[in-house]
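> My questions concern the predicted model and sequence given below.
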Amino acid sequence: MIKTLKLFSLLLVAAFLVACNKAPSNVHVINTTDCGVTWKQIPTGSAVPKTPMHCEYNVALPNWPMAGDAEFRTQFQKNVMAKVRISYTYEIDDPVMYVKEARYLGKMGGSLELSASSVGDQYELAENIIIDKRFREIMTEITRNIDVITFDSAKLEAQVEKEITDHLKKNGISMGDIAMVIELDELTRLSIDTVTAIRLFESAGAAEVGREVLKGRASATRIIVSNDQPSKQASSKD
């Protein structure tokens with residue numbers, strides 16, 4: 001009778017532990033029974049399956065907004081190069097679709113307790129593989145047909161945002177805020193200023209005057225005026 005009660009108590013404790021192992025709301029829990037060939041998502045609040053077999057295990061992925069950034073060079077018309085800096089936020093909406101792209105995340109085991117500090121480095125690699133690479137591809141495809149002198153940065157950012165958002169939905173990702181900065185080198189900026197000035201003079205019917213002004217500006221010498229008085233050297237007697 002005592003042995004039966006002990007066995008019954010152990011079964012109750014085991015059942016309690018299993019029942020308490022629920023999928024938390026702040027992470028996506030996915031399960032595989034064939035070493036990552038196929039996956040299924042465990043709904044929030046549902047019991048996480050025990051994984052006694054070698055090829056059956058659970059993986060947890062973040063279910064909160066994450067931030068990333070990308071930096072690369074892109075090419076406009078006539079081989080004009082520019083540096084692009086992009087900051088963005090995103091969320092994993094479909095962990096099964098996502099892990100098919102970032103396969104290294106679907107490794108065996110791992111705690112279901114995740115935090116922003118514990119996932120930083122490993123998800124930076126996933127961002128490089130899935131998001132940053134696609135940003136580069138989209139920017140290159142768009143800017144190679146754009147004149148760097150006349151392009152509208154707001155329209156370019158809106159086009160990039162739409163294309164990256166549509167594409168990443170297929171990878172189980174929803175994009176949040178996107179901020180993009182395009183940096184031109186000094187020579188390119190000077191060329192743009194010169195061409196813009198010429199066009200302004202032409203629109204005012206003073207093209208020749210404008211050219212003379214620009215020539216004068218280009219050949220002007222730089223004069224530096226200093227008010228500093230030369231110091232007098234003190235003489236010394238032997």
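The structure has been received and is ready for your questions. Numbers count the residues shown, from 1 in each chain.

> so the closest residue to residue 132 other than its chain neighbours is in which element?
Leaving aside its sequence neighbours, residue 132 sits nearest to residue 70 (C-beta to C-beta, 6 or more residues apart in numbering; 4.0 Å). Backbone N, C-alpha and C define where each C-beta goes, glycine included. According to DSSP states H and E, residue 70 maps onto strand 66-75.

> now do residue 86
Counting by DSSP H and E, the element that carries residue 86 is strand 81-92.

> residues in contact with that strand?
28, 61-76, 98, 131, 135, 139, 143, 148, 168, 172-185, 188 (C-beta atoms under 8 Å, 6 or more residues apart in numbering).

> If any of these are buried, put those into a ChimeraX selection.
Here is the ChimeraX command that selects only those of the contacts of strand 81-92 that count as buried (16 or more other C-beta atoms under 10 Å):
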select :28,61,62,63,66,68,70,74,76,98,131,135,139,143,148,168,172,173,175,178,180,182,184,188
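
> Mind picking out the helix or strand in this protein with the poorest mean pLDDT?
Counting by mean pLDDT, DSSP states H and E, the chain has its least confident helix or strand at helix 2-20, which shows a mean of 36.

> What's the first helix or strand after that one?
Next along from helix 2-20, by DSSP H and E: strand 27-32.

> tell me the domain boundaries of this protein?
Following automatic domain parsing, the chain resolves into domains at 66-184, 189-217.

> would you list every one of the helices in the protein?
2-20, 95-101, 120-127, 133-143, 153-169, 186-203, 207-219 (DSSP state H).

> Least confident of those, on average?
Mean pLDDT across those is lowest at helix 2-20; the value there is a mean of 36.

> and the strand holding residue 70, what does it pack onto?
Secondary-structure packing of strand 66-75 (3 or more C-beta pairs under 8 Å, 6 or more residues apart in numbering; DSSP states H and E): strand 81-92, helix 120-127, helix 133-143.

> Nearest to residue 21, out of these?
With respect to residue 21, and counting by C-beta to C-beta, the nearest of the helices and strands packed on strand 66-75 is strand 81-92 at 21.6 Å.

> Sort out which residues of that closest one are buried, please.
Buried-residue list, strand 81-92, by 16+ other C-beta under 10 Å: 82, 84, 86, 88, 90, 92.
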